[in-house]
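Peer 1: after the sequence you'll find the predicted model.
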Amino acid sequence: MATFHMSIKSGKRGSALSHSDYINRNGKHGRADQGHDLLATGTSNLPEWAEEDPRRFWASADKFERQNGAAYREYEVALPRELSIQQQIDLVERFINERLDGKPSEYAIHSPLAAIGGVPQPHAHIMFSDRRLDGIERSAEQHFRRFNSRNPLAGGAKKDSGGMSRSLLRDEVVKVRSNWADLTNEALALQGHDARVDHRSNKDRGIDAEPGNHLGPAKIRKMKQLLAASEDGHAGSGPSGALVAR
């Protein structure tokens, strides 16, 4: 069953490269089971100085981005299990082309198995920079400088979110969530699936129900430990003195 999930995150300077390594399952992030859930990766709009290497781009963001600026932003989105891997890739890349045109980005698609039920949970990490390419050739250091509106050649690439009020940023969040839902539903319809997703809250949809809480791996492990301990504690003696599990 297709479900809607989108979380929007940002990372400060010094965290971009490590997060890129995480979504790409590089180094320590590729060990054990975690290293087997990576299905696909891709990049888009990297500046010439990055030489098609996202790690080089994010390392430069960590080094040269302004101290109080976000080195990266990220959309984490659920992908419909109804779609094949290639169809999921097509969906992610279409979203990137429509929403992040001109912004340096990379994505990684993961499909870990749910701790309860063992079903695949495909999702994508879409990591991007707010600094939109404008055709001006810059060095890595200059790329992350403050934008110079009077003389763009002398400054850095402009941040797309710069100067936006809270209300405009809030409106943008609604737009991007709606855009992802629309593209997801178009992909499902194109492949002949009846399932659909809705980006709206239960309240906005007129549903009188509390949204479910996400249980991460740590919480699920703890639940299993408590359940096992409870079952052990309920083992008692039967009429003949033999242990009987209840």
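Peer 2: Sure thing, it's come through. Here the structure is a predicted model, which means the values were calculated and not measured.

Peer 1: next one: the lengthiest helix in the chain to chain centre, how far?
Peer 2: Longest helix in the chain, counting residues (DSSP state H): helix 166-190. Between the centre of helix 166-190 and the centre of its host chain there is 14 Å, according to C-alpha atoms, centre = their mean, to the nearest Å.

Peer 1: partners of the residue nearest the centre of the chain in the sheet?
Peer 2: Nearest to the mean C-alpha position of the chain, by C-alpha atoms, centre = their mean, lies Glu76 at 2.0 Å. Counting by DSSP bridges, Glu76 forms beta bridges with Ser7, His125.

Peer 1: roughly how far apart are it and Val176?
Peer 2: Separation of Glu76 from Val176 (C-beta to C-beta, to the nearest Å): 12 Å. Just so you know, the C-beta spots here come from the backbone N, C-alpha and C atoms, and that holds for glycine as well.

Peer 1: what touches both of the two?
Peer 2: Listed contacts common to Glu76 and Val176 are 6, 8; contacts here mean C-beta atoms under 8 Å, 6 or more residues apart in numbering.

Peer 1: Arg56 reaches Thr43, doesn't it?
Peer 2: No - Arg56 lies out of contact with Thr43 (C-beta atoms under 8 Å); the separation is 11.0 Å.

Peer 1: any low-confidence regions in the chain?
Peer 2: 32-35, 162-163, 202-246 (pLDDT under 70).

Peer 1: which parts of it are helices?
Peer 2: Ranges of helices in the chain, per DSSP H, are 16-23, 54-64, 85-99, 140-143, 166-190, 217-233.
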